[in-house]
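Peer 1: Sequence first, then the predicted structure, then my questions.
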Protein chains: 2
Amino acid sequence: MASRDTATPTLFDVDVTPQKRSAKKKTTRKTAAAKGGKKAAASKASGEGSGGAPRRRSDAQQMAAKQREISVSEFFTKNRHLLGFDSPLKALLTAVKEAVDNSLDACEEAGILPEISVEIRQTSEKTYLMAVEDNGPGIVDTQIGKVFGKLLYGSKFHKLSQSRGQQGIGISAAGMYGQLTTGKPVVIRSRTGKRKNPVEFTLTIDTARNKPEIHSEQVIEWDKDHGTRVEIDMEARYQKGMRSVDMYLKQTAIANPHLTLHFKDPAGEEVTYERSSKEMPPETIEIRPHPHGVELGRLIAMLKETSARSLSGFLQEEFSRVGPTVAKRIVDAAGKGLTTKSYPSRIAREEASALHTAIQETKISAPSTDCIAPIGEDLLLSGLKKEIEADFYVASVRPAAVYRGNPFQIEVGLAYGKPGGVGLEVTETGRITKKDKSKAATEDLVGSADEPIRVLRIANRVPLLYQQSACAVTKAVTQTNWRSYGLTHPRGALPIGPMAVVVHIASVWVPFTSESKEAIAAYPEILKEIKLGLQECGRKLGTYIRKGKRLKREFEKRSFIEKYIPHIGVALQEILELSDAERDATVEELEDVLHKSRKF
Amino acid sequence: MASRDTATPTLFDVDVTPQKRSAKKKTTRKTAAAKGGKKAAASKASGEGSGGAPRRRSDAQQMAAKQREISVSEFFTKNRHLLGFDSPLKALLTAVKEAVDNSLDACEEAGILPEISVEIRQTSEKTYLMAVEDNGPGIVDTQIGKVFGKLLYGSKFHKLSQSRGQQGIGISAAGMYGQLTTGKPVVIRSRTGKRKNPVEFTLTIDTARNKPEIHSEQVIEWDKDHGTRVEIDMEARYQKGMRSVDMYLKQTAIANPHLTLHFKDPAGEEVTYERSSKEMPPETIEIRPHPHGVELGRLIAMLKETSARSLSGFLQEEFSRVGPTVAKRIVDAAGKGLTTKSYPSRIAREEASALHTAIQETKISAPSTDCIAPIGEDLLLSGLKKEIEADFYVASVRPAAVYRGNPFQIEVGLAYGKPGGVGLEVTETGRITKKDKSKAATEDLVGSADEPIRVLRIANRVPLLYQQSACAVTKAVTQTNWRSYGLTHPRGALPIGPMAVVVHIASVWVPFTSESKEAIAAYPEILKEIKLGLQECGRKLGTYIRKGKRLKREFEKRSFIEKYIPHIGVALQEILELSDAERDATVEELEDVLHKSRKF
């Protein structure tokens, strides 16, 4: 193919012409290229002049003129799949999730027991309106624009504390997606207190500038003392199933037992998940970074920004787990003429580097872990029992641990056995009976005995529904030896059986593999903790399954003996010349003896 | 656990105290919580007042005060794994890749045959300096700061044209990573022409503001007419292997036959990949978006921004493939009182929505595909032959296709057979001989016969080394039936055999699954084209493998017959009383007849 090199500065205009023409005349690629080639040949010979000035298509000046800033909204509009808006089905779930996460975070921060209503309504063949309303603290008027109309804006990014949101992108991105696909603005209603006016905003995002464009702002009537409501119309698809809005809400109810949640689906069906606990999760405390998790560059920036006036003060104020003794130990180890009284902002790179090395080499207690709010064993169990029908439940809460200086805690819950299946139970009188649970849940979280188990992943109380195979939780489940607990377990896959496993990670910074927060990165420390939690539950499951197998065998034996007891009664009646009443009493007694003698 | 609800506005300060204390006194979580609980109880009773004002931990005003903007640099510093800087090993590769990609893009845009030098030097136990120098057009002084010190800045994001970079993040992020881990600034050297002064900048990024901080800027001596050099010192790990810098550079040479590439590794070993072609890739043309790929929100924004003064003009100027006839057809189908003369910026949402529907329903030619610059069959083959040692090579270039309005083109290359293995060839005289290739390449791209095949993925001439299993290319290879081409192929896995497959996707917008551009999203159209390309190569491979098997059998038969020819010669000599010379001539003739009679 001929080279199209040319020095003409107007090349761009020239070269676009054959393309335009080809668009109309359907000229093929080859002829267009040939034309370009001829043009280039006509103007100047091609090829690089290795000694002289190069023949350029475009020079540094021309290239500079084309450089420009890209707004983060433009970036994420074009790359919206990174935020979870890659298909209409997923977009709807992502939008609901972002809105509900925000509501829950706000309620907890304000100390309000959350009551949230979610409604999805079809607005046209391909569009749905999502409305999420909470009883949270509301949002002050001046912030509404930025919270819903600006990406990378929020209160959670800069602090180390456990919250659902952490990026300041989610809800604005949902609005941006709605705007992109339907052209309609987001509608926000908010009231911050009984004595404040309820207001309603409509706004869109100016994506080129990443700024809100407020279309209207007015005082309205609202029979709510405080709260926020957001409505987004968007291209979407609604369907039930494992990755549906329904499933997300159900799992949200499990992970947030203090939440009352109402849901109205597009068919008008309503469901309410009542709270099972009136106890708020403990307030999450913001912590300072742990010294071992800080990079050199960050340390240098912190030294510059600090208000501390001595190195020792700096280390104690800006980091957790550093007292005067540890601070002195670090400074002494650093050497380079540094003293505990060195003035932080005057420390040069070389000295900072020595300080950084000294920090890494000094023994410092692990980060405090009271900044984490796990669900807790009791609430996790009651949540499981309330929302998942099964025969056996167990939960385990691991002690807090640390990855890269960030505290985290793992909780594992497990529900086993499909009601209506083999389900057997020992009654209070010692009788074994088949369970009377015939109602089949519409969306069973416990699958049938020949299916892979269901894995529910929850991060900071938010259920994760996508990218299961890329997630540390799935890896940990797959790598655990379930065979020793009585399940079938093909190598490298999920175990098989009527079981659901719930894994919750609570952390001040959950390491997600993408902005859409769908999977947890497999840090070794995290993998290890999940596995330990799974093993704890697994051992109890093993005992239950073995007992279940015994129960089943026992039940068969008893049925067998029971079958013959009446005949024995008749035989005894004949031999001992009993009356019918005496015979029946004997039979009853025999049955009683049988049950008592074979108790567990 | 006691609820810590309280109305004290200074709660935050109060609550931090027990944590600080616990840090020093090792108080456990429980006691800290108990303290908090006592405090809360002492101040006010907890719980939600459903009728009255809620008792709040924090109200809307307090929460508003904490809201702030997050700079995109801060965001990606904290989430640097999203950009490929998650481990020291990968960070080094990512940094080299971003620098080389930029050099190649600049050279091509300027029409310069690229010659690039990459050097990696160990600077301390855990740090390496990466230096990448090109002979490109250089960067004008006023742009250097922003190009290297500002995320989301560049010329490639806003245009639809094939280039390696597309985000305006990469090289600045590499510098930011270096700065974060070593505290050292990036050093940039640039010269835009023989008559311009070479300059050297040192700069860091002000991450809180996403702005460059220029430390020094000076005119220097440089024996280069034009070019750019960037040096970044960073925490890194260097090692050879499938995902190494070495492998990336080798594959870059295959994908860019017009590139001369020098590499000096930390051990001081130097390798040069000489260009195999002096032909520049055809210049990539910027195209306008195709109407079928535009969302309603984008259409509304375009209607507002356009300089066109009629709807018909707007459609023709802003989109590709729309002429007056198609424009009229769209406008007529839209109805709603719209005419070809309607003034674009006055079109309301409802009308724009009708217009959007009409666009989707109107038949419009597929996008022009001359904006794509594939490598080409010949160059791909010669690249393969130059860098991969194998017995059999084949390449296939698919016609251009379209996903979501974006043109793309797939090229597939295949190298089969390990030299030094069974390698047999038919000489010109028809003799079958074992190949004389004993040298074993240090980094074989063709594995051994019992290993899975190697898959090389290239997007817009950039090799992708990570996230192989998440990539459309891997999916397509796995889903192709390689058994019918003579390979062993376990279900759901890569086929087994001494083979390397190269797949190149060229597009104006490659849909990557993450910012780090490591895997291609599996759009159905892309999957289909890759599979078709693989099948084309596969069929030729099948023929070769079958022929190879025949050759092998033949070779065995011949060896067998050849073994006895001398004995036949001796026997004939005895029977026919031949002289030794006659006998030898007969033997030679017999061998000749044997070879000729069993030709392929």
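Peer 2: Received, thanks.
Peer 1: Quick one: name the residues of the stretch 101-250 of chain A near chain B.
Peer 2: A:106, A:108-113, A:137-140, A:142-143, A:146-147, A:150, A:152-155, A:157-158, A:167-168, A:179-184, A:192-194, A:207, A:225-226, A:235 (CB under 8 Å from any CB of the partner chain). C-beta coordinates here come from the backbone N, C-alpha and C atoms, glycine included.
Peer 1: Give me the buried subset of those residues.
Peer 2: By the neighbour-count criterion of 16 or more other CB atoms under 10 Å in any protein chain shown, those include these buried positions: A:106, A:108-113, A:137-140, A:143, A:146-147, A:150, A:152-155, A:157, A:167-168, A:179-184, A:192-193, A:207, A:225-226, A:235.
Peer 1: So which of the residues you listed belong to helices?
Peer 2: A:106, A:108-110, A:143, A:146-147, A:179-182 (DSSP state H).
Peer 1: of all those residues, which comes closest to chain B?
Peer 2: Within those, the smallest distance to chain B is 3.5 Å, found for residue A:180 (CB to the nearest CB).
Peer 1: nearest spatial neighbour of the closest one, skipping sequence neighbours?
Peer 2: Counting by CB to CB, 6 or more residues apart in numbering or on different chains, residue A:180 lies nearest to residue B:297, which is 3.5 Å off, once chain neighbours are set aside.
Peer 1: and what of residue A:333?
Peer 2: When the adjacent residues along the chain are set aside, residue A:333 lies closest to residue A:358, with 3.8 Å between them (CB to CB, 6+ apart).
Peer 1: Now do the same contact list for the one you found.
Peer 2: Residue A:358 makes contacts with A:330-331, A:333-335, as judged by CB atoms under 8 Å, 6 or more residues apart in numbering or on different chains.
Peer 1: and of these, the nearest to chain B?
Peer 2: Comparing the contacts of residue A:358 against chain B with CB to the nearest CB places residue A:334 closest, at 14.3 Å.
Peer 1: In which helix or strand does the nearest residue to the closest one once chain neighbours are set aside reside?
Peer 2: Using CB to CB, 6+ apart and skipping residues adjacent in sequence, the residue nearest residue A:334 is residue A:358, 3.8 Å away. Counting by DSSP states H and E, the secondary-structure element that holds residue A:358 is helix A:349-361.
Peer 1: Same question for residue A:555.
Peer 2: Residue A:555 is part of helix A:524-576 when elements are defined by DSSP H and E.
Peer 1: Which pLDDT value belongs to the residue of the stretch 251-400 of chain A found nearest chain B?
Peer 2: Residue nearest to chain B within the stretch 251-400 of chain A: residue A:297 (3.6 Å; CB to the nearest CB). According to the model's per-residue confidence, residue A:297 sits at a pLDDT of 89.
Peer 1: how about it, what does it touch?
Peer 2: B:179-183.
Peer 1: Show me which of those residues is closest to chain A.
Peer 2: Within the contacts of residue A:297, proximity to chain A (CB to the nearest CB) peaks at residue B:180, which comes in at 3.6 Å.
Peer 1: Just to check, the closest one is in contact with residue A:295?
Peer 2: Yes - the pair formed by residue B:180 and residue A:295 meets the contact definition of CB atoms under 8 Å, at 4.9 Å.
Peer 1: Surely residue A:118 is in a helix?
Peer 2: No - the assignment for residue A:118 is strand, going by DSSP: H, G, I helix; E, B strand; the rest coil, so no helix is present there.
Peer 1: so what's it bridging to?
Peer 2: residue A:132, residue A:263 (DSSP bridges).
Peer 1: For chain A, give me the ranges with low pLDDT.
Peer 2: Within chain A, the ranges that satisfy pLDDT under 70 run A:1-56, A:419-444, A:597-600.
Peer 1: and the gap between the residue nearest the centre of it and chain B?
Peer 2: In chain A, the centroid-proximal residue (CA atoms, centre = their mean) is residue A:464; its distance is 4.0 Å. Distance, residue A:464 to chain B, by CB to the nearest CB, to the nearest Å: 17 Å.
Peer 1: which element follows the helix or strand where residue A:231 lies toward the C-terminus?
Peer 2: Assigned by DSSP H and E, residue A:231 belongs to strand A:227-235. Once the chain leaves strand A:227-235, the next helix or strand it forms, by DSSP H and E, is helix A:245-255.
Peer 1: what's that next one packed up against?
Peer 2: helix A:88-110, strand A:115-124, strand A:260-264, strand A:270-273, helix A:377-387, strand A:454-459, strand A:462-464 (3 or more CB pairs under 8 Å, 6 or more residues apart in numbering or on different chains; DSSP states H and E).
Peer 1: Relative to residue B:273, which of those is closest?
Peer 2: Distances from residue B:273 to each of the helices and strands packed on helix A:245-255 were compared using CB to CB; the shortest belongs to helix A:88-110, at 42.3 Å.
Peer 1: how close does the residue nearest to residue A:262 when sequence neighbours are not counted get to chain B?
Peer 2: Counting by CB to CB, 6+ apart, the nearest residue to residue A:262 once its immediate chain neighbours are dropped is residue A:117, at 4.3 Å. The gap separating residue A:117 from chain B is 16 Å, by CB to the nearest CB.
Peer 1: nearest to residue B:261, of the helices and strands packed on helix A:245-255?
Peer 2: When those are compared for distance to residue B:261 using CB to CB, the nearest one is helix A:88-110, at 40.9 Å.
Peer 1: ok and that closest one relative to strand A:227-235, angle-wise?
Peer 2: Between the direction of helix A:88-110 and that of strand A:227-235, the angle (axes from the mean of the first three to the mean of the last three CA atoms, to 10 degrees) works out to 170 degrees.
Peer 1: Run a quick neighbour tally on residue A:332.
Peer 2: Counted by other CB atoms under 10 Å in any protein chain shown, the residues lying close to residue A:332 total 13.
Peer 1: ok, back up a step: distance to residue A:347 added to the helices and strands packed on helix A:245-255, as JSON lines?
Peer 2: Below are the helices and strands packed on helix A:245-255 laid out as JSON lines (distance: least, CB to CB, whole Å):
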{"stretch": "helix A:88-110", "distance to residue A:347": "36"}
{"stretch": "strand A:115-124", "distance to residue A:347": "49"}
{"stretch": "strand A:260-264", "distance to residue A:347": "52"}
{"stretch": "strand A:270-273", "distance to residue A:347": "54"}
{"stretch": "helix A:377-387", "distance to residue A:347": "47"}
{"stretch": "strand A:454-459", "distance to residue A:347": "38"}
{"stretch": "strand A:462-464", "distance to residue A:347": "41"}
